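Q: Return atomic coordinates for the entry below.
(one chain, ligands or ions: 1)
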Amino acid sequence: MRESRSVVLKGGVVIDETGERTSDVVVQNGAIAAVGPDLGGDRVIDAGGCVVAPGLVDLHTHLRQPGREEAETVESGARAAALGGFTAVMAMPNTTPAIDSAAVVREVLDLGAVAAVDVYPTGAITVGRHGERLAPMAEMAELGVRLFTDDGCGVQDDRLMRRALEYSTALGVTLAQHCEVASLSEGTHMNEGEWSSRLGIPGQPAEAEELMVMRDLALARLTGARLHFLHLSTRGSVAMVAAAKGGGLTVTAEAAPHHFTLTDTCCGGFDPVFKVHPPLRTADDVAAVKAGLADGTVDAIATDHAPHPPEEKEKPFDQAPPGMLGLEYALALAITELELEIQEVLALLSWRPAAIARIKDRHGGPIAEGRPANICVLDPREEWVIDGSGGASRSSNVPYEGRRVRGRIRHTFVDGEPVVFEGMAQR
Ligand code: DOR
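A: Just a heads-up that it's a prediction; the model follows:
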């Protein structure tokens, strides 16, 4: 319970999975106390012209703690998340050490307990993310971990992946795969195609991703396990997931903002800010990812917020680490670049990822009396220009510098506390 005085959000358009209506929303004692017309409260916030929605949920955030605090901390990453309208983030396990035991899960939970938004650690599938033997998933699941991944790389060994899927079903958790066949991607730095040839940069083919999607669909069929595909980037991957869903498989998928807004032509200036895994693909792949987001094949937008400090990221293209920031820009990029109704954008960023993460008891549920007050308030029409150095992250590897976008977060409430107010982080 973070605020006992009541706050009323007045005159906004409430949008959640149940629909859309103009309504006041009263927040008190960490919960939504009332939703309806002509409501009063101790403090009135004008939400006229704004959308009041469940907080956004990021399935894919690199918070870098423990071990890489010069790039990001749980605190700074959570602040960036709040500024982007997120009330919950899944913290990826490629930290140092990896989140592959109860001890490291506890450490991240403790750091998250004082952060601006809810931080849910994900666990590694294999010890150290080395892909050799299963991590103690049960002890992590006991602490509430529901999503397991070796993100940063995929589980290469077919038999181990099969066992992990079987085990995940027994534990009631979901595996999330970074699809990349290492033998095809090793030594590469961008997408393989016309631009990699022109630039003389070794590229990885779309098949590096697609072969693992294909294998994992086969293993999901074999085991009956749930499986989530991280950051899908190619037309072929989207098509395979569409066919698998049509065939009744319980798979889900996400796409990252950079995979529906940028192409491999961006690498033309050898600027490593455009280096990412999976790599930026072709305009045709971008069109397929957008279509997949529009027709529900791709269930969620997930940022893959991957901070790297300038001394590392500003190396020559082939030496720079892959990754780009996303938390503060995902919503605006989605509103601006996807031709979707705002409710569909919110579905992709809030209630669908919340369902995949199995946190709908706290995030992404309807704006209704009695629900936890995890809410974002956004102005869908405000235009602004992205300034990569002006964010809350400790890093500034933003590939959208100078881009004009539409849609901005005004306020973010976590358990009723305004962690972002009038676009400013409050802690
Ligand atoms: O570009 C990427 N960066 N892709 C990943 O899968 C990992 C991430 C990172 O941790 O930097």
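
Q: Now do the helices in the chain.
A: 74-83, 102-113, 137-142, 158-171, 182-185, 194-199, 206-223, 235-246, 258-261, 283-295, 310-313, 330-337, 342-346, 352-357 (DSSP state H).

Q: same for the second one, what does it pack against?
A: Other elements packing on helix 102-113 under the criterion 3 or more Cβ pairs under 8 Å, 6 or more residues apart in numbering; DSSP states H and E are helix 74-83, strand 118-121, helix 137-142. Bear in mind the C-beta positions are built from the backbone N, C-alpha and C, glycine included.

Q: Indicate which one of the ones you listed is closest to P372.
A: Closest to P372 of the helices and strands packed on helix 102-113 is strand 118-121 (Cβ to Cβ; 9.5 Å).

Q: could I have the closest one exported to CSV, CA atoms only?
A: C-alpha atoms of strand 118-121 as CSV (Å, rounded to 0.1, in the frame of the first residue of the first chain):
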residue,chain,number,x,y,z
ASP,A,118,7.5,-4.9,-10.8
VAL,A,119,10.6,-6.9,-11.8
TYR,A,120,10.1,-10.6,-12.6
PRO,A,121,13.4,-12.5,-13.0
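
Q: Parallel or antiparallel, which strands does that strand pair with?
A: Paired neighbours of strand 118-121 in the sheet (DSSP bridges): strand 86-91 (parallel).

Q: so what pLDDT did R427 get?
A: What the model reports for R427 is a pLDDT of 88.

Q: try E3
A: So E3 comes in at 48 (pLDDT).

Q: returning to what we had before: okay, the helices and strands packed on helix 102-113 in TSV with mean neighbour count and mean pLDDT next?
A: Formatted as TSV, these follow (neighbours: other Cβ atoms under 10 Å; pLDDT from 0 to 100):
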stretch	mean neighbour count	mean pLDDT
helix 74-83	28	98
strand 118-121	25	98
helix 137-142	18	98
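
Q: Tabulate these (CSV), appending distance to D361.
A: CSV is the format used below for the helices and strands packed on helix 102-113 (distance: least, Cβ to Cβ, whole Å):
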stretch, distance to D361
helix 74-83, 19
strand 118-121, 11
helix 137-142, 17
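
Q: which stretch among these comes nearest G365?
A: Here strand 118-121 is closest among those (Cβ to Cβ), at 13.4 Å.

Q: how about the nearest residue to E180, chain neighbours excluded?
A: G154 (4.9 Å; Cβ to Cβ, 6 or more residues apart in numbering).

Q: show me what contacts that neighbour?
A: Q177, H178, C179, E180, V181, A182, M212 (Cβ atoms under 8 Å, 6 or more residues apart in numbering).

Q: Taking these together, which two end up most distant?
A: Q177 and A182 (13.1 Å).

Q: Select only the buried ones of the contacts of G154 in ChimeraX?
A: Buried residues within the contacts of G154, by 16 or more other Cβ atoms under 10 Å, are selected in ChimeraX with:
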select :177,178,179,180,181,212
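
Q: Could you list which of the contacts of G154 also contact the ligand?
A: H178 (Cβ under 6 Å from any ligand atom).

Q: any idea which of the contacts of G154 is closest to H231?
A: Closest approach to H231 among these (Cβ to Cβ): H178, at 7.3 Å.

Q: Read off the pLDDT value for that closest one.
A: 99.

Q: Give me the distance between the nearest residue to G407 once chain neighbours are set aside and R408.
A: Setting aside the residues directly before and after it, G407 is nearest to I335 in space (Cβ to Cβ, 6+ apart), at 3.6 Å. Distance of I335 to R408, computed by Cβ to Cβ, to the nearest Å: 9 Å.

Q: same deal with S168?
A: Distance of S168 to R408, computed by Cβ to Cβ: 38 Å.

Q: Can you report how many residues lie near the nearest residue to E422 once chain neighbours are set aside?
A: The spatial neighbour of E422 that comes closest, neighbours along the chain excluded (Cβ to Cβ, 6+ apart), is R410 at 6.4 Å. Look at R410: counted by other Cβ atoms under 10 Å, it has 24 neighbours.

Q: repeat for the one 5 residues further on
A: By other Cβ under 10 Å, 19 other residues sit near D415.

Q: so it touches N29, yeah?
A: No. Between D415 and N29 there is no contact under Cβ atoms under 8 Å: 9.2 Å.

Q: I'd like to know how many residues surround A243.
A: A243, neighbours per other Cβ under 10 Å, totals 12.

Q: Oops, could you answer that again for G36 instead?
A: 11.

Q: Equivalent analysis for D284, please.
A: D284 has 11 nearby residues by other Cβ under 10 Å.

Q: so what's it up against?
A: By Cβ under 8 Å, 6+ apart, the contact set of D284 is R235.

Q: Now stretch 237-255: buried residues?
A: Counting neighbours by 16+ other Cβ under 10 Å, stretch 237-255 gives 237-242, 244-245, 249, 251-255 as buried.

Q: Oops, could you answer that again for stretch 297-317 instead?
A: Within stretch 297-317, the residues that count as buried by 16+ other Cβ under 10 Å are 297-309, 312-313, 317.
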